[in-house]
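Asker: missing the sequence, but the structure's below:
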């Protein structure tokens with residue numbers, strides 16, 4: 001029963017996150033969803049900045065602290081290691097849902113591309129960014145990344161082992177294509193509002209800071225292999241790899 005409940009928890013966490021991911025595409029792009037980044041009646045700018053900054057801070061805090069190796073080592077003394085990743089995924093979804101729900105619109109326009117061709121090019125880039133995120137997860141191991149592999153192996157009564165370090169396709173040109181995809185998606189829009197600009201700027205700064213901690217963890221896990229990868233491949237800007 002414990003193994004089945006762990007599997008069920010992992011599946012529910014994954015499905016909720018995937019739905020949240022799809023909602024995020026509509027939220028940032030102001031399309032398809034009932035509550036988007038610019039929807040609703042704008043109020044006090046000062047209050048909107050305070051609330052939106054707090055929402056971004058909550059997400060950054062949850063996402064960064066729970067991703068660190070030191071926290072995981074402590075956390076898995078309290079919760080079963082098989083569901084640690086699923087808990088992380090579930091709480092990440094919760095932080096995102098809170099942001100979608102409580103985000104305050106700031107609708108003053110920063111730029112507005114009127115040319116149909118220019119607007120369509122930006123929409124193509126927008127979806128290319130989200131596509132890069134999704135493809136990037138599958139290139140390493142999508143189901144490990146979101147906790148499904150762990151609970152499934154536990155359900156089977158088999159030991160879970162993380163996949164070996166590898167650098168397929170996009171990872172041969174940029175070390176963090178998933179984060180690159182997010183940055184592209186957050187900035188590529190034909191109509192940029194003040195609220196969208198705050199979101200794009202804050203998340204980009206957060207990504208660039210969080211990657212410094214992520215890189216330290218990856219060096220601790222993979223050692224010289226990852227250090228050689230750092231020397232060879234750019235962190236966030238796609239470039240031809242350097243010769244070893």
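Answerer: Received the coordinates, thanks. The shown structure was predicted, so the numbers you read here are calculated from the model rather than taken from an experiment.
Asker: just the buried residues of stretch 97-106, please?
Answerer: Within stretch 97-106, the residues that qualify as buried are 99-100, 103-106, counting by 16 or more other C-beta atoms under 10 Å. Backbone N, C-alpha and C define where each C-beta goes, glycine included.
Asker: now stretch 48-58
Answerer: Those would be 48, 52, 55-56, for stretch 48-58 by 16+ other C-beta under 10 Å.
Asker: what's next to it, contact-wise?
Answerer: Under the contact criterion C-beta atoms under 8 Å, 6 or more residues apart in numbering, stretch 48-58 has outside partners 42, 95, 98-99, 102-106, 195, 198-199, 202-203, 206.
Asker: and if you look at stretch 205-213?
Answerer: Against stretch 205-213 from outside (C-beta under 8 Å, 6+ apart): 56, 60, 63-64, 67-68, 176, 179, 182-183, 235-236.
Asker: those helices in the protein, which residues are they?
Answerer: Here the chain has its helices, by DSSP state H, at 2-29, 45-65, 69-75, 81-102, 116-140, 142-145, 148-156, 177-187, 194-222, 224-232.
Asker: which of the ones you listed sits most buried?
Answerer: helix 177-187 (a mean of 21; mean count of other C-beta atoms under 10 Å).
Asker: which helices and strands does that helix pack with?
Answerer: Helix 177-187 is packed against helix 2-29, helix 116-140, helix 194-222, with contacts defined by 3 or more C-beta pairs under 8 Å, 6 or more residues apart in numbering; DSSP states H and E.
Asker: redo the contacts of stretch 205-213 as a markdown table? Include pLDDT.
Answerer: Converted to a markdown table, these look like this (pLDDT from 0 to 100):
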| residue | pLDDT |
| --- | --- |
| 56 | 97 |
| 60 | 95 |
| 63 | 89 |
| 64 | 89 |
| 67 | 91 |
| 68 | 92 |
| 176 | 97 |
| 179 | 97 |
| 182 | 98 |
| 183 | 98 |
| 235 | 96 |
| 236 | 95 |
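Asker: and of these, the nearest to residue 149?
Answerer: residue 67 (17.3 Å; C-beta to C-beta).
Asker: just to check, the closest one is in contact with residue 88?
Answerer: Yes - between residue 67 and residue 88 there is a contact under C-beta atoms under 8 Å: 7.2 Å.
Asker: low pLDDT regions in the chain?
Answerer: 1, 244 (pLDDT under 70).
Asker: tell me the contacts of residue 3?
Answerer: Here residue 3 is in contact with 154-155, 157 (criterion: C-beta under 8 Å, 6+ apart).
Asker: a markdown table please, covering the helices of the chain and showing distance to residue 168.
Answerer: Listed next are the helices of the chain as a markdown table, based on distance: least, C-beta to C-beta, whole Å:
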| stretch | distance to residue 168 |
| --- | --- |
| helix 2-29 | 21 |
| helix 45-65 | 25 |
| helix 69-75 | 24 |
| helix 81-102 | 21 |
| helix 116-140 | 5 |
| helix 142-145 | 12 |
| helix 148-156 | 17 |
| helix 177-187 | 10 |
| helix 194-222 | 15 |
| helix 224-232 | 13 |
